[in-house]
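# From the sequence below, what's the structure:
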Amino acid sequence: MKKMLKVIGIIVLVVAILVILVLVGLNRLSKMPSVPEDYVTKVKTGGEIEAKYLAMGEHEVSYFESAAMMSFEKYEIYYPSDIASFDEALPAVVFVNGTGAKGSKYPALQKHLASWGFITIATEEEHAWNGFSAEMSVRYLEILNGFEGELNGQANPFFGKIDIDRIGITGHSQGGFGVVNAITTERHHENYKAAVILSSNAQTNEALQWEADATKIQTSTMIIGSTGNTDMALAPLNSLQTLYGQIPEGVSKVLALRNDADHGQMLYYADGYVTAWFMWLLQGDIEAAKAFSGDAPELLSNALYQDQQINIH
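Numbers count the residues shown, from 1 in each chain. Purely as a prediction, here's the structure:
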């Protein structure tokens with residue numbers, strides 16, 4: 001009997017240890033970044049323009065965060081450290097979270113855009129499909145832009161420095177639905193001048209009760225997916241082509257599939273062109289425009305992409 005109890009005790013101990021190891025592993029996994037810090041040096045590029053805008057920009061980057069109500073938890077803002085030296089207000093880019101990818105899991109993406117002269121903002125929202133977290137992010141940027149007081153004991157670096165009429169937005173997976181809703185139905189939909197949808201068909205999903213109507217889009221929009229197995233299941237080419245076709249013909253739009261990445265990687269694999277898109281449409285960068293416009297847009301000849309369509313106005 002004592003021997004049996006000893007065996008049972010050992011089994012219980014082993015099971016307890018295994019449970020602890022699993023929980024520790026899951027905890028570590030939950031804290032792993034969705035975007036590697038060094039992705040700008042590791043992701044392949046297939047064109048000079050893509051390579052230029054995948055690299056870090058010329059600005060050092062600073063970080064500011066503020067507590068937020070509800071499930072947003074906090075606003076996470078990255079911006080050029082030399083923001084005070086700019087003579088004009090800077091464009092902002094709003095990040096809309098995909099499933100399981102909160103703002104705190106992709107700081108590298110925000111740092112990259114901020115290094116190119118953007119103010120970026122994200123939240124911890126895990127149900128961002130409806131575009132409300134994006135709307136509240138813009139409202140918070142409005143508050144910061146008009147607040148002449150102090151933040152954390154120092155002069156507000158954002159006072160008069162955020163161009164609310166030059167806003168970009170990007171969303172991956174579930175976040176693609178959030179992008180469509182933010183630029184079509186939310187209060188500040190007209191403030192968006194450039195949008196990016198990554199690996200998302202962003203069309204009404206009855207099973208999940210997510211709704212989005214791309215036929216209402218009036219914002220220049222780029223859609224990029226991938227040929228990876230997961231992407232082909234979640235956002236297959238035909239669904240992306242349907243989404244592209246739903247965007248009115250008078251609106252500038254781009255569609256492409258990356259052929260060396262899968263669903264999760266698309267959060268950052270196309271970032272060279274994502275940055276170029278925002279540089280062109282929000283900062284008027286003529287070099288960046290050549291990726292998508294002119295007689296020979298680079299994206300059309302980039303061997304890392306396929307099924308490209310471009311309609312620029």
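# quick one: the strands in the stretch 201-313 of the chain?
221-226, 253-258, 305-311 (DSSP state E, counting those that start in this stretch).
# Can you say which of the ones you listed is nearest to residue 57?
strand 221-226 (19.2 Å; Cβ to Cβ). C-betas here are computed from N, CA, C, even on glycine.
# quick one: contacts of the helix or strand where residue 65 lies?
Taking DSSP states H and E as the definition, residue 65 sits inside strand 61-67. Strand 61-67 has contacts (Cβ atoms under 8 Å, 6 or more residues apart in numbering) with 73-81, 83, 107, 111, 114-115, 140, 151-152, 157-158.
# Run me through the strand neighbours of it, direction for each.
Counting by DSSP bridges, the strands paired with strand 61-67 are strand 74-80 (antiparallel).
# before we move on, the earlier item: export the strands of the stretch 201-313 of the chain to CSV and append columns for distance to residue 96, mean pLDDT and mean neighbour count.
As requested, the strands of the stretch 201-313 of the chain are arranged in CSV below (distance: least, Cβ to Cβ, whole Å; pLDDT from 0 to 100; neighbours: other Cβ atoms under 10 Å):
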stretch, distance to residue 96, mean pLDDT, mean neighbour count
strand 221-226, 13, 98, 28
strand 253-258, 18, 98, 25
strand 305-311, 23, 98, 16
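# Now tabulate those strands in a markdown table and tack on distance to residue 172.
Listed next are these as a markdown table, based on distance: least, Cβ to Cβ, whole Å:
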| stretch | distance to residue 172 |
| --- | --- |
| strand 221-226 | 10 |
| strand 253-258 | 13 |
| strand 305-311 | 17 |
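# Let me know which of these is the nearest to residue 175.
Using Cβ to Cβ, the strands of the stretch 201-313 of the chain put strand 221-226 closest to residue 175, at 12.7 Å.
# For the closest one, name the packing helices and strands.
On a contact count with 3 or more Cβ pairs under 8 Å, 6 or more residues apart in numbering; DSSP states H and E, strand 221-226 meets strand 192-198, helix 237-246, strand 253-258, helix 271-283.
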